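Enquirer: Sharing a sequence plus its predicted fold:
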Amino acid sequence: MQAALLLCMLGSVLVEANVFSWGGRRETLRNNIENVCLTDQASCGCCLMQQQIHKMETFFNMSLSELEKELTKTKAALDNVRGSRSAFSVALNNDNHLNCYGTFRDDKLVIYKHVFINLGGGYNVETGVFTVPRSGVYSLALTVYSDAGSPGNTLAACASLQVNDMVVAGPTDHNMQDQEDSATIVMALHLMAGDQVAVNLPVGCFLCDNKSHYNTFSGFLLYATD
Ligand SMILES: *[C@@H]1O[C@H](CO)[C@@H](O)[C@H](O)[C@H]1NC(C)=O
Ligand SMILES: *[C@@H]1O[C@H](CO)[C@@H](O)[C@H](O)[C@H]1NC(C)=O
């Protein structure tokens, strides 16, 4: 009887050692405890306690592995969000004096030289084209401005927002009496990865800008759809 009690107490010590150790000795310790319980079930009340501890450990293990699974999923989702960040905002130039772009003999893409932000690198400052990095709903905004120099001179602030060479929207403002014109469009579009978004300057139109950044072209991903 005393020997059994001793064994049992030894068992409970072993359980404690087991709870706090995650090493390779666990199995041997576990076997010892089970042996104690098997050989002296009736006299050893603390075997019940050991069983409770074992249950708790199982529960703890299950909760832990559930949490680990959730954490892995959350990390993957966060990486996805981080990886698909896309936002650009550019202006025609950053010159001290008002400089005009156009008119040209053919339609020409507007190359916005001044970059405020180009998160994800989708906008190409050499070509003026924004290549959609990831399918999703994008917010796009375009503001055009032109200045005839003096009242009465020809003025045509026009340009069109295009996706893959197709016109999506065209803000336009031709002068009557005033010497300056400006127009803006803002829209949400569902775009596919690889789509090419750009601003086309039709024949006869021209845009003027300086550090005031009257001509801006912006776009950002609202949410991804793939
Ligand atoms: C708890 O998890 C450890 C490590 O994965 C494992 O070795 C042990 O057998 C588990 N215990 C229970 C009671 O399931
Ligand atoms: C840009 O040009 C306009 C029109 O000539 C002028 O009124 C404005 O002050 C200029 N902006 C800057 C920052 O020089």
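Expert: Done, it's in. Quantities reported herein were computed from a predicted structural model and do not represent experimental measurements. Residues are numbered from 1 along each chain as shown. Ligands and ions are numbered 1, 2, ... in the order given.
Enquirer: ok, D165 - contacts?
Expert: Q196 (Cβ atoms under 8 Å, 6 or more residues apart in numbering). C-beta coordinates here come from the backbone N, C-alpha and C atoms, glycine included.
Enquirer: ok, it to Y101 distance?
Expert: When distances are taken as Cβ to Cβ, to the nearest Å, D165 and Y101 turn out to be 20 Å apart.
Enquirer: again, but for F220
Expert: 24 Å.
Enquirer: ok, what's across the strand from the nearest residue to N94 once chain neighbours are set aside?
Expert: Spatial nearest neighbour of N94, chain neighbours left out: H114 (4.2 Å); criterion: Cβ to Cβ, 6 or more residues apart in numbering. Listed by DSSP bridges, the beta-bridge partners for H114 are A91.
Enquirer: Got the phi and psi for V81?
Expert: According to degrees, to the nearest 10, the main-chain angles of V81 amount to phi -60, psi -50.
Enquirer: do T74 as well
Expert: The phi/psi pair for T74 (degrees, to the nearest 10) reads phi -60, psi -40.
Enquirer: secondary structure element for the closest residue to ligand 1 within the chain?
Expert: With Cβ to the nearest ligand atom as the measure, the residue in the chain that lies nearest ligand 1 is N61; the distance is 3.7 Å. When elements are defined using DSSP states H and E, N61 is found to belong to helix 46-83.
Enquirer: Flag every buried residue along that helix.
Expert: The neighbour-count check on helix 46-83 (16 or more other Cβ atoms under 10 Å) flags C46, C47, Q50, I53, H54 as buried.
Enquirer: could you pull out the helices for the protein?
Expert: Taking DSSP state H, the helices of the chain run over residues 2-20, 26-39, 46-83.
Enquirer: Of these, which shows the lowest average pLDDT?
Expert: Looking over the helices of the chain, mean pLDDT reaches its minimum on helix 2-20, with a mean of 46.
Enquirer: Could you list the domains of the chain?
Expert: If you go by automatic domain parsing, the domain ranges for the chain are 2-82, 85-224.
Enquirer: Can you tell me which of those domains is packed in deepest?
Expert: Neighbour counts (mean count of other Cβ atoms under 10 Å) averaged over each of those peak at domain 85-224, with a mean of 17.
Enquirer: Now do the closest residue in space to R134 that isn't next to it in sequence: how many residues are near it, please.
Expert: In space, R134 comes closest to S84 once its chain neighbours are excluded; the distance is 4.8 Å by Cβ to Cβ, 6+ apart. Per other Cβ atoms under 10 Å, the neighbour tally for S84 reads 16.
Enquirer: mind checking how far N94 is from S135?
Expert: Per Cβ to Cβ, N94 is found 32 Å from S135.
Enquirer: Hmm, I typed the wrong one, I wanted V199.
Expert: V199 sits 21 Å away from S135, taking Cβ to Cβ as the criterion.
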